[in-house]
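[1] What would the 3D arrangement of this be:
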Amino acid sequence: MRRVLAGCLAVSALGTTFPAAASECGYTAAGWNAPNGAVVFSRSDEGPIRNVIDAIGEFRTHSMLSHGATGGVTHATMRDPDQNSWPTVCGTPLNINQLRDGYPGLEQINQGGIYHYLYDANGHGPDWTAWQLGDATGAARIADSLWFNHPYASDVSRVDGSQLIDRPLWNGARVPYSLFQYRDVESAHQIPGGAANNGMMCSSFLAYAHNYAGRGLVTTHTYPHEVIANASNTIHWGVHGQCKESLGWFENAALTVICPVFWNVCTNAGNQVANCMSANRCDTSSSVIWKGVRDDPNATATSISPDRIGGWSVHPVSTTLWASDYSHQLQWNSGGNVYGCWQ
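    Sure, this is the predicted structure:
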C-alpha cells in the first residue's frame, strides 16, 4: 500500500503552467472539491506558457490530476529558472540546465502544497480554475494507477527538509519539465514512450497517465505553420517585455543596469526561451534558431495542450474521458487544515 503524502513541493509555476507564487509552504483547508481522478485546470496571467496558449487561441495554461478531496495532486511543472551570474547573464541570461530540465518536473504533492503553488501569501493566484471528471470510474482508475502502481522516488522539499515529496519515474528516471513539449510531444503520450530530456509538461503527462491506466491513447493535435509562427514571435517578445519591465522570471532583476546596452540582454532572453521551446536549444541566445523555425513554411507543432485534455477549443470531447464533462468551480471547502510545500 502506498503511503499517504505528508508533505509537498512548491513550484513557481511557469505560467501553466506558471502562477505568480511567492509563498512556497503553508496551510490550507484539508481538501478541495475535485474528486479522485478529476483534472484540475487553471489559467494564469504570466510567463511563456501564457504567451504560447494565447498565441494558439486556447485558454487553459495548466492541468493537474486530483487524487481526491483530501488526497494528493500529481502534475508536471517548473519553478522559475535562475539567472546566470555576471558576465554570462548578459549573453545567455537564464540558467541553461534549469531552462531545459525544469525543476521539479513531475511530482506528487498534498493540498497545502498545491494551494501555495497556485496562490501567493496575498491570495493572488490564477485568473480562473475549474475541474472536470467525465467518466468517474475511469478517471478514478487513472488516479489510482498513478498513486498505487506507478514507480516513484522520494526526496525532501528544497524549502522545508521535514517534507517528503514523491516523484513518479519514467523510463527509470526522474521526469523534468520540458518546454520543448509544446512544440513536439514526441511519444510522451505513448507506452512506454520517450521524449527529449526524458521530459514532459503538464498536459503531456496527463495524456501519458490516461494511456498508462488503460483508458486509451490521447491523440495529438498538429498546429499549422501560421499558428506556430505567431507563437514564436509572441514568446520572444513576451519574454523580452517581461525582462524590460522586471516581471515574471526577471522580477527584481536589474539586467538592463548590470549589462552594457550593446548586449541587448532582454533580446537575448527572448531568443533563449524561444530557442528552447521551438528547437530544444536552451543553450543559446542566437535568434537564427527560432527564426529558422518561424520562417520555414513546412514547420508545424504537434502537441497535446490543456485544452485538448479538457475537450475545449478546437478539440473534440472524445479525446479523453475527462473531456465529456463541463467545468466545475474549484473550491477548498473541507474541514481541518493541511501543511505542505510546492518545491
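[2] what sits up against stretch 206-218?
    Outside stretch 206-218, the residues within contact range by Cβ atoms under 8 Å, 6 or more residues apart in numbering are 39, 63, 65, 74, 138, 141-142, 144-146, 150, 170, 185, 188-191, 193, 200, 304, 308-309, 319-321. C-betas here are computed from N, CA, C, even on glycine.
[3] Inside helices: which ones of those residues?
    Counting by DSSP state H, the contacts of stretch 206-218 place G138, R141, I142, D144, R308, I309 in helices.
[4] out of those, who's nearest S278?
    R308 (19.6 Å; Cβ to Cβ).
[5] show me the contacts for the closest one.
    Per Cβ under 8 Å, 6+ apart, neighbours of R308: S203, V218, H221, H315, T319, T320.
[6] PyMOL command to pick out the buried ones of those?
    A single PyMOL command selects the buried members of the contacts of R308 (16 or more other Cβ atoms under 10 Å):
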select buried, resi 203+218+221+315+319+320
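[7] Redo the contacts of R308 as CSV? Include distance to G241 and pLDDT.
    Below are those laid out as CSV (distance: Cβ to Cβ, whole Å; pLDDT from 0 to 100):
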residue, distance to G241, pLDDT
S203, 25, 98
V218, 33, 98
H221, 28, 98
H315, 29, 98
T319, 33, 97
T320, 34, 98
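[8] among the contacts of R308, which two are most distant?
    The largest separation in those, counting by Cβ to Cβ, is between H221 and T320 at 12.3 Å.
[9] What does the pLDDT read for the residue nearest to T70 when sequence neighbours are not counted?
    Spatial nearest neighbour of T70, excluding adjacent residues (Cβ to Cβ, 6 or more residues apart in numbering): G31 at 3.9 Å. pLDDT, G31: 90.
[10] Same question for S246.
    Looking at S246, its pLDDT is 73.
[11] Over to N252?
    53.
[12] From A229, how far out is W290?
    W290 sits 10 Å away from A229, taking Cβ to Cβ, to the nearest Å as the criterion.
[13] of the two, who's got more company?
    Set W290 next to A229 and count neighbours by other Cβ atoms under 10 Å: W290 wins out with 25 against 18.
[14] quick one: which of the contacts of stretch 206-218 sit in strands?
    Mapping these onto strands (DSSP state E) picks out V39, S63, L65, T74.
[15] In those residues, which residue is surrounded by the most others?
    V39 (32 neighbours).
[16] Could you double-check that it lies in contact with Q132?
    Yes. Counting by Cβ atoms under 8 Å, V39 touches Q132, with 5.5 Å between them.
[17] any common contacting residues for those two?
    In contact with both V39 and Q132: G310, W322, using Cβ under 8 Å, 6+ apart.
[18] Which parts of the stretch 51-200 of the chain are helices?
    Under the criterion DSSP state H, counting those that start in this stretch, helices of the stretch 51-200 of the chain are mapped to 88-91, 96-100, 111-118, 136-144.
[19] Output the ones you listed in TSV, with distance to G26 and mean neighbour count appended to each entry.
    Output for the helices of the stretch 51-200 of the chain, formatted as TSV (distance: least, Cβ to Cβ, whole Å; neighbours: other Cβ atoms under 10 Å):
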stretch	distance to G26	mean neighbour count
helix 88-91	31	17
helix 96-100	24	19
helix 111-118	5	28
helix 136-144	24	19
